[in-house]
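Okay, here's the prediction I keep looking at, along with the sequence it came from:
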Amino acid sequence: MKYFPLLWAGLWRKRTRTVFTILSVIVAFLLFGLLQGVDSWLSNAIADARVNRLYTVSRISYIEPLPEAYLTRIEGVAGVSRVAYFNWFGPYYQDPKSPITSYAIDPDRTFAVFPDWKVPPDQLETMKRTRNGALVGATLARRHGWKIGDRVPLNAPLWPKQDGSTAYDFDIVGLFTAPEQPTNENIFLINYTYFEESRTVGKGYVGWYTFSIDNPARSSAIAREVDALFANSPNETKTQNEKEFAQAQIKQIGDIGFMVNAIVGAVLFTLLFLTGNTMMQSVRERIPELAVLKTVGFTDAAVTTLVLVESILLCVVAALVGLGLAALIFPLARTLVGDVALPAGVFVGGILAAVALALLSGLPPAWRANRLSVVDALAGR
Amino acid sequence: MTTLVSVKNVVKRYTRGKQKVEVLHRLNLDIAAGEFLALMGPSGSGKTTLLNLIGGLDRPDEGEIVVSGENIDKLSNRQLAKWRARNVGFVFQFYNLMPMLSAERNVELPLLLTNLSRARRKQNVQAALQLVGLADRAAHKPSELSGGQQQRVAIARALVADPSLLVCDEPTGDLDRATAEEILDLMRTLNRQQNKTIIMVTHDPKAAEYASRQVHLDKGQLIEAEARSAA
């Protein structure tokens, strides 16, 4: 600590340059935190996915519908325990820019296949009895201030009713949680029967099937059996376990991991030159001062350490601010990811990256300070 | 009087371009403890080179330098740095203070290398600043001080670790006459009252008169040594 004033003074010798360098590091690590946070969240979502739950979608694309009739045939496959079906409803609430993730479902089947989604039994029963009932994920309800008993008007442009209207009114009859996969608490579930009666297009088709199996070890074999049932039909299928399905969905956006790493890598690489240049200039300007330190008895190693610690101070403190801001901003993206915090691993990774950046950018000037000849420096050579 | 510094057959060469230039030629010099020595001579005569060798900032190519019985040219770089911290205080022509640090922080620098507590360091710094008459300027930065005050801070920094030897390279070269005399008075006081051995490089004969002995260097050789009582 006794060297801190010396380090601090060195850091602020050129105030403007230091401020701009710190701002650059803050922005870079804010970006690092947010991007790595999204990547980490997606990875966790995949990691949390279950292998004993399978998804059957159209082989062409997961947005292509499948016939309702497939239900009984999938149920007939040995090893399949319960089958649920889903249809994308895709409405918005009040403003087209405020989309709601909503599926039409069969309540009994859905909560049997998703036992990790928790809803009080009485609310599930009410849902089954209420034609226009809705079960709302806890996060979504909290965000909009919805509670049981509220009537929520949604607009689903994809699904015009017989009168041409796309406005649907739903009564919230229950709230559900999904502790293992908090992202699912952003979902608005409606009764498939009501949806099927109301819509004028796509009748007799569902979006996809999700089913649970008795033995996760047989998931590949069962997936092959299911797909074989519909081979060479107009609606061929592709069946994957939940983990593969999640990965496939994420891949629709692109290779997130690669994109994140490429962007973060480019940013940190650029930052390396920026901080390296700052430290190099800073040391170059302080050659006489470093020579004085050596004159009064600081060893070569001590001066080298001072330069390196100064570099670490510059990078790590700014990186901590950037990561802190990312931690504050990340939860604002809960529309996408639900109520999640920036994973601790991203913090640790960020700090390690900042230390590596500091060492890499601090080594050349530190080495120069180490090799500094006092006599030459004092003589201005 | 006991000899504090003994320079024996010292040769120093520098490489300039492809040429090796011998700056000091088999130089011998003894400096007694408590002496105030003025090292004079024209530019390029080797004064600063000799001062750097005695202060342990540079090493001779031949010969040896013994200070307080220790052959300093045999020390490693690390040992030499520690030896400087304990035994030598440096005063430069252009003060060489850290511009971002206050006067007291500048004076404290050599003490950072010791095991003294913060309170003890502060106490020693205050004592050193008191000695040079700048106790009331402790919190000021160098840019807020006059040239003479900055040189006093530099002298306080040189004194704070209580070294036996002060080496001063043109300490009044950047000061006006009146301020220079104040600094020289201070150095003489330190020499007489604190018994500091002082070696001062100077071009200025008036400054040299403050010393108890003058030594002249020309082309790397000692051409004259004159003992005189200080004015």
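Good, I have the coordinates.

and the residue lying closest to residue A:77 once chain neighbours are set aside, how far is that from residue A:72?
Closest residue to residue A:77 apart from its sequence neighbours, by Cβ to Cβ, 6 or more residues apart in numbering or on different chains: residue A:225 at 5.2 Å. Every C-beta, even on glycine, is put in place using the N, C-alpha and C of the backbone. For residue A:225, the distance to residue A:72 equals 15 Å [Cβ to Cβ, to the nearest Å].

who has more neighbours, those two?
Neighbour count, other Cβ atoms under 10 Å in any protein chain shown: between residue A:225 and residue A:72, residue A:225 has more, with 17 against 9.

Which strand or helix spans the more buried one?
Following DSSP states H and E, one finds residue A:225 within helix A:219-229.

Listing partners with orientation, what would you give for the helix or strand just after that helix?
Per DSSP H and E, the first helix or strand lying C-terminal to helix A:219-229 is strand A:237-241. Strand pairing for strand A:237-241, determined by DSSP bridges: strand A:53-58 (antiparallel).

got the angle between the strand it pairs with and helix A:219-229?
Per axes from the mean of the first three to the mean of the last three Cα atoms, to 10 degrees, the angle that strand A:53-58 makes with helix A:219-229 is 30 degrees.

Where does pLDDT dip in the stretch 1-150 of chain A?
A:44-45, A:47-49 (pLDDT under 70).

Quick check, the residue in it closest to chain B?
residue A:9 (3.6 Å; Cβ to the nearest Cβ).

can you pull the contacts of that residue?
The contact partners of residue A:9, taken as Cβ atoms under 8 Å, 6 or more residues apart in numbering or on different chains, are B:98, B:100, B:101, B:105.

Is it in a helix, a strand, or coil?
Of the three states, residue A:9 takes helix under DSSP: H, G, I helix; E, B strand; the rest coil.

how much space is there between it and residue B:141?
Taken as Cβ to Cβ, the span from residue A:9 to residue B:141 is 10 Å.

list residues touching both of the two?
Between them, residue A:9 and residue B:141 share these contacting residues under Cβ under 8 Å, 6+ apart: B:100, B:101.

circling back: pick out the most distant pair among the contacts of residue A:9.
Maximum pairwise distance in the contacts of residue A:9, criterion Cβ to Cβ, is 8.7 Å, between B:100 and B:105.

what does chain B have sitting close to chain A?
Residues of chain B lying close to chain A (Cβ under 8 Å from any Cβ of the partner chain) are B:48, B:52, B:55, B:57-58, B:77-78, B:81-82, B:84-86, B:90, B:92, B:96, B:98-101, B:105, B:109-110, B:112-113, B:118, B:121, B:157, B:161.

So which of those sit within strands?
Among these, the members found in strands (DSSP state E) are residue B:90.

Now, the residues of chain B next to chain A that are in helices?
Judged by DSSP state H, these include B:48, B:52, B:77-78, B:81-82, B:84-86, B:105, B:118, B:121, B:157 as members of helices.

hmm, which of these are the buried ones?
Among these, those classed as buried by 16 or more other Cβ atoms under 10 Å in any protein chain shown are B:48, B:52, B:81, B:82, B:84, B:85, B:105, B:121, B:157.

Nearest spatial neighbour of the fourth one, chain-adjacent residues omitted?
Of all residues not flanking residue B:82 in the chain, residue A:297 sits nearest, at 6.3 Å (Cβ to Cβ, 6+ apart).

The one you found is in contact with residue B:113, isn't it?
Yes: at 5.1 Å, residue A:297 counts as touching residue B:113 under the criterion of Cβ atoms under 8 Å.

For chain B, which segments count as strands?
B:3-16, B:19-32, B:36-40, B:62-67, B:70-71, B:88-91, B:165-169, B:197-201, B:213-218, B:221-227.

next one: the stretch 151-300 of chain A
A:151-155, A:167-176, A:187-191, A:205-206, A:208-213, A:237-241 (DSSP state E, counting those that start in this stretch).

Let me have these in JSON lines, adding mean neighbour count as columns.
Below are the strands of the stretch 151-300 of chain A laid out as JSON lines (neighbours: other Cβ atoms under 10 Å in any protein chain shown):
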{"stretch": "strand A:151-155", "mean neighbour count": "16"}
{"stretch": "strand A:167-176", "mean neighbour count": "20"}
{"stretch": "strand A:187-191", "mean neighbour count": "24"}
{"stretch": "strand A:205-206", "mean neighbour count": "21"}
{"stretch": "strand A:208-213", "mean neighbour count": "23"}
{"stretch": "strand A:237-241", "mean neighbour count": "22"}
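
Now do the contacts for whatever residue of chain A ends up closest to chain B.
Nearest to chain B in chain A, going by Cβ to the nearest Cβ, is residue A:297, at a distance of 2.5 Å. Each residue near residue A:297 by Cβ under 8 Å, 6+ apart is listed here: B:81, B:82, B:84, B:85, B:86, B:110, B:113, B:161.

same thing but at 10 Å, please
The contact partners of residue A:297, taken as Cβ atoms under 10 Å, 6 or more residues apart in numbering or on different chains, are B:56, B:80-88, B:90, B:109-110, B:112-114, B:161, B:163.

With residue A:40 instead?
Shown in contact with residue A:40 (Cβ under 10 Å, 6+ apart): A:33, A:257, A:260, A:340, A:342, A:343, A:344, A:345, A:346, A:349.

Separate out the buried members of these.
Neighbour counting with 16+ other Cβ under 10 Å marks A:33, A:260, A:340, A:342, A:343, A:346, A:349 as buried within the contacts of residue A:40.

Go through those residues and flag which are in helices.
Taking DSSP H, the ones among these that sit in helices are A:33, A:260, A:346, A:349.

Scan chain B for its longest helix.
Counting residues, the longest helix found in chain B (DSSP H) is helix B:177-193.

List the contacts of residue 157.
You didn't pick a chain, so chain A it is. A:90, A:91, A:92, A:96, A:166.

look at chain B instead
Counting by Cβ under 10 Å, 6+ apart, residue B:157 makes contact with A:292, A:296, B:89-91, B:95-98, B:103, B:106-111, B:125, B:128-129, B:132.

Residue A:5 now?
So residue A:5 contacts B:98, B:100, B:101, B:102, B:105, B:108, B:109, B:112 (Cβ under 10 Å, 6+ apart).

Need the max-distance pair from the ones in helices among the residues of chain B next to chain A.
Across these (Cβ to Cβ), the longest gap, 35.6 Å, separates B:48 and B:118.

Find the closest residue to chain A in chain B.
residue B:85 (2.5 Å).

Verify the stated contact: that residue with residue B:78.
No: Residue B:85 is beyond contact range of residue B:78, at 11.1 Å (criterion: Cβ atoms under 10 Å).

and for the two, which residues touch both?
Both residue B:85 and residue B:78 are contacted by residue A:299, under the criterion Cβ under 10 Å, 6+ apart.
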